[in-house]
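Would you be able to build a 3D model of this:
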Amino acid sequence: QVQLVESGGGSVQAGGSLKLSCAASGYWSSRCGMGWYRQTPGKERELVSTINSDGTTRYADSVKGRFTISRDNGKNTLYLQMSSLKTEDTAVYYCASHVTPYACSSSPYYWGQGTQVTVSS
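Purely as a prediction, here's the structure:
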């Protein structure tokens, strides 16, 4: 079992910055990929960024150059530094782990409860 707890969400004006954190606990959580996803009402959850255990990263085109994902395997913590925020970044942001009870997966398996990010103009 893996538990994920996000923090750092809040309200900010356009152009501002926020840093999200996700504390992970459980077996193997640091050996597999992790990621950030976001969802707005009426839309499907979408990928924001992922990072593998070797540090390889992937970003959605909409956030490239503005968001930076990182992880501290010693602390089992995932981060998302968000800069130059836009109103369209408003969403609930979810942390996800790609670990399963048996191995690492290429897809999210465990999810956090989500943290709201609101960007106002």
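
low-scoring stretches of this structure, by residue?
Scanning the chain for pLDDT under 70 picks out the ranges 27-29.

residues contacting the one residue sitting closest to the centre of it?
The centre of the chain sits closest to Trp36, judged by Cα atoms, centre = their mean, with a distance of 2.2 Å. Contacts for Trp36 were tallied using Cβ atoms under 8 Å, 6 or more residues apart in numbering; they are 20, 22, 48-50, 69, 78, 80, 93-96. Just so you know, the C-beta spots here come from the backbone N, C-alpha and C atoms, and that holds for glycine as well.

With Lys75 instead?
By Cβ under 8 Å, 6+ apart, the residues touching Lys75 are Ala23.

so what's the residue nearest to the centre of the chain closest to, chain neighbours aside?
Spatial nearest neighbour of Trp36, excluding adjacent residues (Cβ to Cβ, 6 or more residues apart in numbering): Val48 at 4.3 Å.

my read is that neighbour is in a strand, agree?
Yes - judged by DSSP: H, G, I helix; E, B strand; the rest coil, Val48 forms part of a strand.

Would you agree it is in contact with Asp61?
No - applying Cβ atoms under 8 Å, one finds Val48 not in contact with Asp61, separated by 10.9 Å.

Between those two, point out the one with more neighbours.
Val48 (23 against 6; other Cβ atoms under 10 Å).

Contacts only, for the more buried one.
Val48 makes contacts with 35-38, 59-60, 63, 67, 80, 93, as judged by Cβ under 8 Å, 6+ apart.

Drop anything exposed from the residues you listed.
35-38, 59, 63, 67, 80, 93 (16 or more other Cβ atoms under 10 Å).

Of those residues, which belong to helices?
For the buried ones among the contacts of Val48, not one is inside helices, with DSSP state H as the criterion.
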